[in-house]
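*Asks:* Structure of the sequence below:
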Amino acid sequence: MGVFSALTTAVTGMQAQSYALENISGNIANSRTAGFKRVDTSFSDLVPDSALNRQIAGSVASYSRATNTIQGDLNATRIDTNAAINGDGFFVVDQRQSGVGASTQFANSNLYTRRGDFDFDADGYLVNGAGYYLKGQKIDPVTGQIIGSQPDVLRITKDQFPAKATTQIEYSANIPAYPKTNSAVSTTPGSELLNAGTGFGTNPGVTPGGTGTVVGSDLTLFLNRSIPGGSVTVYDTLGKATSVELRWAKISNATTTPAPGTPDTWNLFIAENTGATGAAVAYRNVNTNVTFDSTGKMTLPANGNITIPPMTIGGNAISPATAPISIVTNGTSLTQNGDTSGQIDARSIRQNGYTAGTLDRVSISNEGQVIGTFSNGQVVALAQIAVARFNAGNALKRLDGGAFEETIESGAPIVGLGTAALIGGNVEQSNTDIADEFSKMIVTQQAYSANTKVISTAQEMLRDVFNIIR
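*Replies:* Prediction:
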């Protein structure tokens, strides 16, 4: 029986090495396939039951050993929608069944892949080179909140991004303690002040003491007694842009007021119609006294916010009563300190509105968000890419196109990046090492040839046995 057992054992050896060679050939064939995970071969001995002193080496069986959790090299592609997972995890994808555009039907099953060469198709779906569609969750571009709880096939359309009306102007500036207006004379105390009750036909001071407006007939006098505070473009609900020009006038000095300890006081004016004449309104007072203490810190308004009154600039209505625009200083970003220039140093003037825009480009962040850049300058998150991890990633079942499906052995998916990160503009390459595969191929060939030698030797031994009979 020994010779016959040697024959069958050698046959199992040849089969096992053939199986190994098949895996090696597949690995080499896919050495340039994005996201491919090589399949190694493991061998197991098959020992028949026998007495302790009659045990034999036995035959052999071959099995596949997955390398799903071994990462391949990351290759930069310069395509913004491409992504590679640096670490553990798989993209969640789905397969198309029928239909086109918004009517496309999908299999509604979660498959998993490391192949991240995603790009837009004609309908706005992100699909990789093997035809699998990326899944994730949409993000509300206005609130930034994730929509829904389960990942779905992502579709990014080039719908217009809606306009947003300006509600806040963040204002950061230093107002000079002594404004060098055109009327200011260093040897004349108080000449730097607005002196709203002197020379003006209509008092532009805060109501009820004044009218809160600068009329066209007083425009030149007002410009000579005030200093520019910068300008900013604001937007209405339709995205129409309006330039808002700020101008400051000092109302009183703490040292010249009758009551000891009275702070320096300023008024802010908004240009309504700089070409106004006669009784037409040129500038409008925001109707709020802005005061500073001896250290230059803003003391009023207490909350640091100055509300712009409803007004019309260039035919455009801004700061309606239902949604007024607030100039936000937080009480710290607007100061009154000495400045030799005598002019306002407006360090930053920013507002939170914008006009409507269209999608210009899409990229993927390290956190797995699909980021949209719009023509109006807005950069917002549009979707969260679904990434799944498994306790036994090597136990996933392989499918065509570098995809995998969940098995009992792999366990249920754990959704989330964990400690991994997404690298946009990159694609993970095959984890096949050509040099290593060639080395294994040589060893496999030698093992196969050795098994054929065993068969030849067993055949000669059997022939000798038959010759004895003859």
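
*Asks:* going forward, measure contacts between C-alpha atoms and count neighbours the same way
*Replies:* OK.

*Asks:* which intervals of this protein have sub-threshold pLDDT?
*Replies:* Residues of the chain meeting the criterion pLDDT under 70: 1, 255-261, 470.

*Asks:* tell me the domain boundaries of it?
*Replies:* 2-66+431-469, 74-162+358-428, 168-351 (automatic domain parsing).

*Asks:* any chance of these in CSV, with mean neighbour count too?
*Replies:* Below are these laid out as CSV (neighbours: other CA atoms under 10 Å):
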stretch, mean neighbour count
domain 2-66+431-469, 16
domain 74-162+358-428, 18
domain 168-351, 18
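
*Asks:* show me where the stretch 201-350 of the chain has strands.
*Replies:* 213-215, 227-235, 241-252, 264-271, 281-292, 298-300, 305-307, 311-313, 316-318, 326-328, 334-337, 345-351 (DSSP state E, counting those that start in this stretch).

*Asks:* Include distance to Phe466 when you put those into a markdown table, please.
*Replies:* Formatted as a markdown table, the strands of the stretch 201-350 of the chain follow (distance: least, CA to CA, whole Å):
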| stretch | distance to Phe466 |
| --- | --- |
| strand 213-215 | 125 |
| strand 227-235 | 103 |
| strand 241-252 | 104 |
| strand 264-271 | 116 |
| strand 281-292 | 118 |
| strand 298-300 | 114 |
| strand 305-307 | 110 |
| strand 311-313 | 114 |
| strand 316-318 | 110 |
| strand 326-328 | 106 |
| strand 334-337 | 110 |
| strand 345-351 | 101 |
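
*Asks:* Select, out of the ones you listed, the one closest to Ile371.
*Replies:* When those are compared by CA to CA, strand 345-351 sits nearest Ile371, at 21.7 Å.

*Asks:* So what's the gap between the closest one and the chain middle?
*Replies:* 27 Å (CA atoms, centre = their mean, to the nearest Å).

*Asks:* CA-only coordinates of that strand, as CSV, when you get a sec.
*Replies:* Extracted in CSV, the C-alpha atoms of strand 345-351 (Å, rounded to 0.1, in the frame of the first residue of the first chain):
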residue,chain,number,x,y,z
ASP,A,345,-7.8,101.0,11.2
ALA,A,346,-10.4,98.5,10.0
ARG,A,347,-8.6,95.2,10.4
SER,A,348,-11.5,93.0,9.3
ILE,A,349,-15.0,93.5,8.0
ARG,A,350,-16.8,90.2,7.2
GLN,A,351,-20.4,89.4,6.6
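
*Asks:* List the neighbouring strands of that strand plus their orientation.
*Replies:* strand 168-176 (antiparallel) (DSSP bridges).

*Asks:* what does the partner strand contact?
*Replies:* The contact list for strand 168-176, computed with CA atoms under 8 Å, 6 or more residues apart in numbering, reads 325-329, 333-353.

*Asks:* That one to strand 241-252, inter-axis angle?
*Replies:* Interaxial angle of strand 168-176 relative to strand 241-252 (axes from the mean of the first three to the mean of the last three CA atoms, to 10 degrees): 40 degrees.

*Asks:* now the angle between strand 264-271 and strand 168-176, please.
*Replies:* Angle of strand 168-176 versus strand 264-271, following the same axes, to 10 degrees, is 130 degrees.

*Asks:* Distance from strand 168-176 to the middle of the chain?
*Replies:* Distance, stretch centre to chain centre, for strand 168-176: 30 Å (CA atoms, centre = their mean).

*Asks:* Out of the strands of the stretch 201-350 of the chain, the one nearest Ala61 is which?
*Replies:* Per CA to CA, nearest to Ala61 of the strands of the stretch 201-350 of the chain: strand 345-351, 71.2 Å.

*Asks:* From the contact counts, what lies against the helix or strand that that closest one is followed by?
*Replies:* Later in the chain than strand 345-351, the nearest helix or strand by DSSP states H and E is strand 359-364. If you count contacts as 3 or more CA pairs under 8 Å, 6 or more residues apart in numbering; DSSP states H and E, strand 359-364 packs onto strand 369-374, strand 421-424.

*Asks:* relative to strand 359-364, how tilted is the first one?
*Replies:* Using the same axes, to 10 degrees, the inter-axis angle of strand 369-374 relative to strand 359-364 is 160 degrees.

*Asks:* and the angle for the helix or strand that comes right after strand 369-374 with strand 359-364?
*Replies:* Following strand 369-374 in sequence order, the next helix or strand is strand 379-385 (DSSP H and E). Between the axes of strand 379-385 and strand 359-364, defined by the same axes, to 10 degrees, the angle is 50 degrees.
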